[in-house]
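A.B. asks: With the sequence up front, the predicted model follows.
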Amino acid sequence: MTSQVSSPAEQADGADDASESDRAVGDQRAPASGQEGAGEKEVRRLDRVIIRFAGDSGDGMQLTGDRFTSETASFGNDLSTLPNFPAEIRAPAGTLPGVSSFQLHFADHDILTPGDAPNVLVAMNPAALKANIGDVPRGAEIIVNTDEFTKRPMAKVGYLTSPLEDGSLDGYQVHPVPLTTLTIEALKEFGLSRKEAERSKNMFALGLLSWMYHRPTEGTEKFLRAKFAKKPQIAEANVAAFRAGWNFGETTEDFAVSYEVAPAGAAFPAGTYRNISGNLALSYGLIAAGHQADLPLYLGSYPITPASDILHELSRHKNFGVRTFQAEDEIAAIGAALGAAFGGSLAVTTTSGPGVALKSETIGLAVSLELPLLVVAIQRGGPSTGLPTKTEQADLLQAMYGRNGEAPVPVVAPRTPADCFDAALEAARIALTYRTPVFLLSDGYLANGSEPWRIPETDELPDLRVRFATGPNHELADGTEVFWPYKRDPRTLARPWAVPGTPGLEHRIGGIEKQDGTGNISYDPANHDFMVRTRQAKIDGIQVPDLTVDDPDGARTLVLGWGSTYGPITAAVRRLRKAGTPIAQAHLRHINPFPRNLGEVLGRYDKVVVPEMNLGQLATLLRAKYLVDAHSYNQVNGMPFKAEQLATALKEAIDV
Amino acid sequence: MSDANELLTLVPKAEAKQSMKDFKSDQEVRWCPGCGDYAVLAAVQGFMPELGLAKENIVFVSGIGCSSRFPYYMNTYGMHSIHGRAPAIATGLATSRRDLSVWVVTGDGDALSIGGNHLIHALRRNVNLKILLFNNRIYGLTKGQYSPTSELGKITKSTPMGSLDAPFNPVSLAIGAEASFVARTVDSDRKHLTEVLRQAADHPGTALVEIYQNCNIFNDGAFEVLKDKEKAEEAVIRLEHGQPIRFGVEGKKGVVRDPATGDLEVVAVTPENESRILVHDAHATSPTTAFALSRLADPDTLHHTPIGVLRSVERPVYDTLMADQLDAAVERQGKGDLAAMLAGGDTWTVVG
């Protein structure tokens, strides 16, 4: 949830001591199928739960996770998700590299991360168990598909004996469920082949978990009927498997307890909410920016993980006048966007690290042309192809400096999935106001993760309208009125945006150095020096909000982050404060330019700790600019920080 | 009414009669004295008034290279971009602004080496662009290295023992890349150049015009065989739609199809074979014959070089298709409603 750190709803996030009330309450929800009788089983109330679904890449774990998330969102819990899947579309079945998982943390209060350790693991096969058991603490519940725990699949991942029988799962609450057999049995009326029927086992598992946690089921049934609208038999089979899973939980002895996690009413300000992923929020932010600027949106893009979703999403909204152009390569994608910007569109290109590298020269051209352009970079593990489906923050310096010449580009970074919406609008504001390319630097964790989002009213959105140049802006000594394409607005240093089709303003722009004012080619040394400094001054002068610091206890150590580490850092800070350790927290949205007060804020603290999913790129910038002894805490393993680990690291930094 | 005229009607017309002077910018032209680029610039500036479009709706986009300085000298909107990328940038402009007449100026290195990918994809998409490819078979701006159209074995600064690269034939390449309009002309033949520009301007979709252009500093006389009056008679095959393909002194040579292979060959025209002389059909749906014509030219000697419009066929224009999809989306889904979109999906309400 994106609420402020200082919100009164502060609670330990993901803390081990999170209170669990054992008070049984009556069952308040019956499945859509109208089953009765669950009230006879014990129902416990929890304040939060972390569930991880894990299976083969082909088992539909992402879909299962998405559906459970939707059920949870519509129930009104706060939530945070972490999809985690291999880059291979279908890695060899039953192998460790082929394991795909989806973790969901939901609570009756404001939470910030997908959680460190699952309370429940659903393992669809031995590989899923083996790949995930290390993250699951003793005492947790494990639901395994026993049908897959036969000799071959177990041998494939190195289980010589069955972990279900050899005692290696002692200390866990293991629920052995023959998911495949039960699903096939439940669907025998449907006349499906064994293989077809088997595919619904994820819906059986979803049904079971939905029963365990009292999730509403109407949404999933509706979803399945819509998804398989053209194959009604498959739709009904999936609904039947889903209901069978629910009923299995309700009737079988093995599942004696179900759990309730109350809606997180207090954590949410009043409003209408939906669950949203970072890439979807970012796509909506771009469409909203076009709408608020009253400019047509133009996307030039080349498919790349984890940014392609934005291309897909924008392509669905042509009725907003959105043009999406799937180019022949990354370079053409940004080239087309820049061409559209010249023509007066709100132009966007979307990519990830390797694509940014290819676009660098064109970003430099956009710096020189001084045209608005959004470069959306969804960071993933690098270098080179790296870890396409995993998250990282290692492209910050590429965004800052990855161009020839002095080519400053503003950098804006969203902090949570829902915040991608606001960050897109902010990036558009800067691009349009200052006539510059802007980096919108998200990452794989934000892109695929999701959380509840309060849907804004359209009248809350910023006014981004721009004025195109319409006539001469300069008078020559002889009194002639002329148009100078590089005569700047004295306040913003932005040059006029004169779009083709405007009579009398015909002009030529290019990547060669230009004379101040006229924009004519100029190799004059003094002019070049002036233009380099002016372009830098324009970026340095961008108005951005001051950095706000959350420091209720007058701490001596500040933890400063940027981007998607917001959730884990805030969760870690809550833990420390709860344990009586004061710590101040601030989070940067604007990395270029930095907020005006950043130097002063850094100077207030004895110690500054900068956690990053890279080897210290923001810390390098801070050290260079403010001569501050920023301490880096780094993790570059393709996964977001865990709150517990981060809290420990921060405590150590404070105590040193 | 043809699609050609329909597309041109989207670009506003000039209100007053224009002259060549209207298209000259105030910038001093800085090509080497004697460069073939001057002739092309003059031909384009001279042709523009005939087109009669509002000059504020005309945009020239170029890449990098000597010829890519072209936009600075045109008193229209213009962008001198980066090496090889002009077709991509122009694609974004043309597809977002159908009221513009967008021209790309590029060279053999710009279009065929560093920017080869963008060229072929613009051609296959059939974006409404007019691409003028100045081919001087050399790198001029970097001072004389061989280019992708240089003849095999060419001695240059970077190939003192001769280049090892087999050259591209730009016309063959364009036809292979699904181009709907492909022509070739020569810088020094103003009349021919203008006629080709006329047809290109009228073509809906991407028009590729290869212009043989002399670099008098680094590759002087590269096209002399096509310009020298006597030699040209044997070397140049002037193509005119609907006319028999004959050339040479008094049209004594002609092009026929070899019935055994289907390929084209040059023959001395005799009363026996005269009826077999190929009649040029630029509008043939199949690109086969146009491609075969493009292959008649000898890459070393330039003998039997066809000039004129090799291929001109109508097929759907990318910009039009893109605009149609936007219209269709509005028809199907209604005009975009931001509030409704944001509130789509499963929602729930929290009461304060």
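C.D. replies: Arrived safely, thanks for sending.
A.B. asks: from here on, contacts and neighbour counts on C-alpha atoms
C.D. replies: Fine.
A.B. asks: what pLDDT does A:S200 get?
C.D. replies: At A:S200, the model reports a pLDDT of 96.
A.B. asks: And the strands in chain B?
C.D. replies: With strands called from DSSP state E, chain B shows them at B:58-62, B:77-80, B:101-107, B:129-135, B:181-186, B:207-212, B:236-238, B:246-247, B:253-257, B:264-268, B:305-312, B:347-350.
A.B. asks: Include mean pLDDT and distance to B:E50 when you put those into CSV, please.
C.D. replies: Below are the strands of chain B laid out as CSV (pLDDT from 0 to 100; distance: least, Cα to Cα, whole Å):
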stretch, mean pLDDT, distance to B:E50
strand B:58-62, 98, 13
strand B:77-80, 98, 18
strand B:101-107, 98, 14
strand B:129-135, 98, 16
strand B:181-186, 98, 19
strand B:207-212, 98, 18
strand B:236-238, 97, 24
strand B:246-247, 98, 30
strand B:253-257, 98, 34
strand B:264-268, 97, 37
strand B:305-312, 98, 19
strand B:347-350, 87, 60
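A.B. asks: would you turn the ones you listed into CSV with distance to chain A and mean neighbour count?
C.D. replies: Output for the strands of chain B, formatted as CSV (distance: least, Cα to the nearest Cα, whole Å; neighbours: other Cα atoms under 10 Å in any protein chain shown):
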stretch, distance to chain A, mean neighbour count
strand B:58-62, 7, 29
strand B:77-80, 4, 26
strand B:101-107, 10, 27
strand B:129-135, 13, 27
strand B:181-186, 21, 26
strand B:207-212, 18, 27
strand B:236-238, 35, 22
strand B:246-247, 40, 25
strand B:253-257, 37, 22
strand B:264-268, 34, 16
strand B:305-312, 24, 25
strand B:347-350, 4, 18
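A.B. asks: any chance of those in CSV, plus distance to A:N132?
C.D. replies: Shown next, in CSV, are the strands of chain B (distance: least, Cα to Cα, whole Å):
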stretch, distance to A:N132
strand B:58-62, 55
strand B:77-80, 55
strand B:101-107, 56
strand B:129-135, 55
strand B:181-186, 59
strand B:207-212, 58
strand B:236-238, 73
strand B:246-247, 77
strand B:253-257, 70
strand B:264-268, 68
strand B:305-312, 62
strand B:347-350, 32
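A.B. asks: Quick check: the gap between the closest residue to B:N214 other than its chain neighbours and chain A.
C.D. replies: Spatial nearest neighbour of B:N214, excluding adjacent residues (Cα to Cα, 6 or more residues apart in numbering or on different chains): B:G36 at 4.9 Å. Going from B:G36 to chain A by Cα to the nearest Cα, to the nearest Å gives 22 Å.
A.B. asks: that older thread, out of the strands of chain B, which is closest to A:T362?
C.D. replies: strand B:77-80 (12.2 Å; Cα to Cα).
A.B. asks: A:G191: neighbour count?
C.D. replies: 11 (other Cα atoms under 10 Å in any protein chain shown).
A.B. asks: List the contacts of it.
C.D. replies: For A:G191, the contact set (Cα atoms under 8 Å, 6 or more residues apart in numbering or on different chains) is empty.
A.B. asks: On the three-state scheme, the residue in the stretch 101-250 of chain A positioned nearest to chain B is what?
C.D. replies: Of all residues in the stretch 101-250 of chain A, the one sitting closest to chain B is A:G219 (8.0 Å; Cα to the nearest Cα). Three-state assignment for A:G219 (DSSP: H, G, I helix; E, B strand; the rest coil): helix.
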